[in-house]
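**Q** Here is my input; please provide its structure:
(chains A and B)
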Amino acid sequence: MYSSIVIENLRGMGRLEVDGLRPINIIVGRNNSGKSTFLEALFLLGAATEPHLTLTLAQLRGQRQVNGATDALWRPLFRNLDPRAPIKIQGHWEAELQGRELLIQARQASPTVFDSSSQTIEGSGSSSVGRDFPVGRLEYEYTDGLGNKKDSFARYDPQTGGIHSRPLMREDHVITTLLSARFFPGQLEDLHLFSTLVKRKQEGDVLEALRLIEPALERIEVLSEPGGPSLYLDLGLEALVPLAVCGEGIVRLFSIIVELIASRNGVLLIDEIDNGLHYTVMPKLWELLGSLVEKHHVQVFATTHNDELMRSALEVFAGKEGVLGLFRIDRRGDSHVMVGYSEEAMEAVLEVPFEVRG
Amino acid sequence: MSFKIQKPKLLIVEGRDEQLCFEAALRDHLGLTDIQVVPIGGKTLLTRNLTGLIADPDFATVGSLAVVRDADETTPDAATPAAAQSFQSVRGSLRHANLSCPGAHGQFAEGPPRVGVFIVPNGTDVGMLETLCLHSVSTLPEFACVDAYFQCLQAHQIAPRNLHKARTHAWLASRPEPDRRAGEAAQAGYWPWDSQAFDNL
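**A** Modelled structure (predicted):
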């Protein structure tokens, strides 16, 4: 579990520090305050030796992947679109003596491999020329909690038209899953994860969770069909119902639950957790997450704009010290500040009730 | 509905009744519109709830705040005057919230935000909001009726636990709407703001 995070030069953020992280962390803040960027920082740190996963971030942000356009793909990761300032993400993991650190540096595309019709290439092989050098390569330097360093990289591969990277093994790898607000996992991914849980005999947790919003649910089945396997729910009707035709709330909750259980001993990042969920389900959702997080040792970071969801978490975890963290990202001029709520401040928020979301 | 900081100056009071009273005083007596009265909960909750206030997303816009506290008679340390105990208690809460603390009742400490502490009724005497309100009407001829009523009760060995509140209720029972609390009475214009009793406000 991370206890603290420091982020430098990622997207719009100059520097952001937060400590006092808990097993379940709610992140609030105004639009464009950096909530999603905070989750992305955790994702990058979790994928610190897999630089090709920057592609995933781009896709989750809705960026279209264009062959060779690595500059368009990677430049938005850097603060104010300026690739000269390296991205640094530090995270202190539980009992480790020092923080884990990921340093991402942009390098200019080599003229021989950079493929862009719209930008002028100013020299090659160096990152020190020109403010707007086209980013053609990312270099990763990762330092683990024991001080061991590892390097990896990603660059455009003109032969395949894709991104070539050199992922590395790391002993301290933690599963880090990011559930985007825009693109939640598709049914196929859910199905794959659910099948994995069935093999581990953990489908009972999923069933119990879904019963929160669909008490009639008796079982979940993976059925083989001509177009491929599909998930079906037994709601006590004459026939099973495809999960895909159920309401958004149950589909989204299904994704959250299977991803959480599959992220055992890892980190689950959920952007806009309240999407599609009715307010009556929220207290039950937190109770469920509380028990699953403890059972599967998963640390959850969830962003939200929803006041009811935030307050229902405060109510559910009131008196359970050390379980819930409440944080708000404030944008003050050009800088970002993470405001953490103490246990007593969270009690005050419930009592008065103070505004939290910004 | 969530509390929202909307003005650059905050007046922190205990409860809804104090809020109504001070809002009326600020509006009708002092003509001040840039002060927001915040009911933050009873005195035992001040320490905790100030931590919630300072975490408010708009707290950085607050230029000054003042805490109003009663000088209760119910404090356990009899050696220290009630007003002094109340003042020290508020100072402790301010320190806990990392806010600056003035040296005495009626003063402001530099900020940001600037912070003042006001102990009702006057920083010295025992009392509360109702005490201040009663002072404003105690010289009216008809107030003798209230005095006579409590003398009568005393003769029958009946002693209300909180004489300030009891006398306030007795007085307010004589008003056109007889069932109002001190703050509601303030909103209804039952307290004469031009009385010297409110000069310290």
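**Q** residues in contact with the residue of the stretch 101-250 of chain A found nearest chain B?
**A** Closest to chain B within the stretch 101-250 of chain A is residue A:181: 21.1 Å, counting by CB to the nearest CB. Where C-beta positions appear, they are placed from N, C-alpha and C, glycine not excepted. Taking CB atoms under 8 Å, 6 or more residues apart in numbering or on different chains, we find residue A:181 in contact with A:36, A:271-272, A:275, A:303.
**Q** Among those, name the ones in strands.
**A** residue A:303 (DSSP state E).
**Q** which one of the contacts of residue A:181 sits closest to residue A:57?
**A** The shortest gap between residue A:57 and any of the contacts of residue A:181 belongs to residue A:36, at 9.7 Å (CB to CB).
**Q** which residues touch that closest one?
**A** A:181, A:271, A:303.
**Q** The residue in chain B that chain A sits nearest to is in what secondary structure piece?
**A** Using CB to the nearest CB, the closest approach of chain B to chain A is made by residue B:52 at 2.6 Å. For residue B:52, the host element (DSSP states H and E) is helix B:46-54.
**Q** mind listing the strands for chain B?
**A** Under DSSP E, chain B gives strands at B:9-13, B:35-39, B:64-70, B:108-109, B:114-120.
**Q** My read is that residue A:210 contacts residue A:249, right?
**A** No - if you go by CB atoms under 8 Å, residue A:210 and residue A:249 don't touch, sitting 10.1 Å apart.
**Q** dump the residue contacts of residue B:72.
**A** By CB under 8 Å, 6+ apart, the contact set of residue B:72 is B:43, B:82, B:86, B:126, B:128.
**Q** Buried residues, the helix holding residue B:52. List them.
**A** Under the neighbour-count criterion of 16 or more other CB atoms under 10 Å in any protein chain shown, helix B:46-54 has B:46-54 buried.
**Q** Ok, stretch A:193-212 next?
**A** Result for stretch A:193-212 [16+ other CB under 10 Å]: buried residues A:193-194, A:197, A:202-203, A:205-206, A:209-210, A:212.
**Q** pLDDT-wise, what's the bottom of those?
**A** Ranked by pLDDT, those bottom out at residue A:212 (78).
**Q** So that residue: helix, strand or coil?
**A** coil (DSSP: H, G, I helix; E, B strand; the rest coil).
**Q** same deal with residue A:347?
**A** Using three-state DSSP, the structure places residue A:347 in helix.
**Q** contacting residues for residue B:24?
**A** Counting by CB under 8 Å, 6+ apart, residue B:24 touches B:183, B:186-187, B:189, B:191.
**Q** Roughly how far does the nearest residue to residue B:9 once chain neighbours are set aside sit from residue B:68?
**A** Spatially, and ignoring its direct neighbours in sequence, residue B:9 is nearest to residue B:35 (4.4 Å; CB to CB, 6 or more residues apart in numbering or on different chains). In this view, residue B:35 and residue B:68 are 11 Å apart by CB to CB, to the nearest Å.
**Q** One more: residue A:346?
**A** For residue A:346, the distance to residue B:68 equals 25 Å [CB to CB].
**Q** Name the residue in these two with the higher neighbour count.
**A** Higher neighbour count among residue A:346 and residue B:68: residue A:346, with 25 against 20, using other CB atoms under 10 Å in any protein chain shown.
**Q** What's the separation between the more buried one and residue B:67?
**A** Distance from residue A:346 to residue B:67, by CB to CB: 22 Å.
**Q** Contact residues of the stretch 201-350 of chain A facing chain B?
**A** Residues of the stretch 201-350 of chain A lying close to chain B by CB under 8 Å from any CB of the partner chain are A:307, A:328, A:330, A:332, A:339, A:341-342, A:344-349.
**Q** thinking again about what came up before, in helices only, show me the contacts of residue A:181.
**A** Among those, the members found in helices (DSSP state H) are residue A:36.
**Q** Serialize the contacts of residue A:181 to CSV and add fields for pLDDT.
**A** Shown next, in CSV, are the contacts of residue A:181 (pLDDT from 0 to 100):
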residue, pLDDT
A:36, 94
A:271, 93
A:272, 92
A:275, 85
A:303, 96
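**Q** Return the closest of the contacts of residue A:181 with respect to chain B.
**A** Distance to chain B across those (CB to the nearest CB) is lowest for residue A:303, with 15.3 Å.
**Q** Give me the distance between the residue nearest the centre of chain B and residue B:13.
**A** In chain B, the centroid-proximal residue (CA atoms, centre = their mean) is residue B:129; its distance is 4.5 Å. Relative to residue B:13, residue B:129 is positioned 8 Å away (CB to CB).
**Q** number of nearby residues for the residue in the stretch 201-350 of chain A positioned nearest to chain B?
**A** With CB to the nearest CB as the measure, residue A:348 is the residue of the stretch 201-350 of chain A nearest to chain B, at 2.6 Å. Using other CB under 10 Å, residue A:348 has 26 neighbouring residues.
**Q** ok, it touching residue B:48?
**A** Yes - in terms of CB under 8 Å, residue A:348 counts as a neighbour of residue B:48; the distance is 5.3 Å.
**Q** Run through the residues of chain B sitting next to chain A.
**A** Proximity of chain B to chain A, by CB under 8 Å from any CB, involves residues B:2-5, B:40-41, B:45, B:47-53, B:55-58, B:60.
**Q** change it to 7 Å
**A** Residues of chain B lying close to chain A (CB under 7 Å from any CB of the partner chain) are B:2-4, B:40-41, B:45, B:48-49, B:51-53, B:55-57.
**Q** Return the closest of the residues of the stretch 201-350 of chain A next to chain B with respect to residue A:284.
**A** Checking these against residue A:284 by CB to CB gives residue A:307 as the nearest, at 17.8 Å.
**Q** Residue A:358 is in contact with the closest one, correct?
**A** No - assessed by CB atoms under 7 Å, residue A:307 is found out of contact with residue A:358, at 11.2 Å.
**Q** Could you list every helix and strand that the worst-scoring helix or strand of chain A on mean pLDDT packs against?
**A** Every helix and strand of chain A was ranked by mean pLDDT, DSSP states H and E. The lowest is strand A:162-165, at a mean of 80. If you count contacts as 3 or more CB pairs under 7 Å, 6 or more residues apart in numbering or on different chains; DSSP states H and E, strand A:162-165 packs onto strand A:149-157.
**Q** tell me the helices in chain B, going along the chain?
**A** Along chain B, counting by DSSP H, helices occupy B:16-24, B:46-54, B:82-96, B:129-137, B:143-155, B:163-172, B:182-187.
**Q** Output these as JSON lines; include the columns distance to residue A:25 and mean pLDDT.
**A** Below are those laid out as JSON lines (distance: least, CB to CB, whole Å; pLDDT from 0 to 100):
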{"stretch": "helix B:16-24", "distance to residue A:25": "34", "mean pLDDT": "94"}
{"stretch": "helix B:46-54", "distance to residue A:25": "18", "mean pLDDT": "94"}
{"stretch": "helix B:82-96", "distance to residue A:25": "24", "mean pLDDT": "93"}
{"stretch": "helix B:129-137", "distance to residue A:25": "41", "mean pLDDT": "92"}
{"stretch": "helix B:143-155", "distance to residue A:25": "57", "mean pLDDT": "95"}
{"stretch": "helix B:163-172", "distance to residue A:25": "45", "mean pLDDT": "93"}
{"stretch": "helix B:182-187", "distance to residue A:25": "40", "mean pLDDT": "94"}
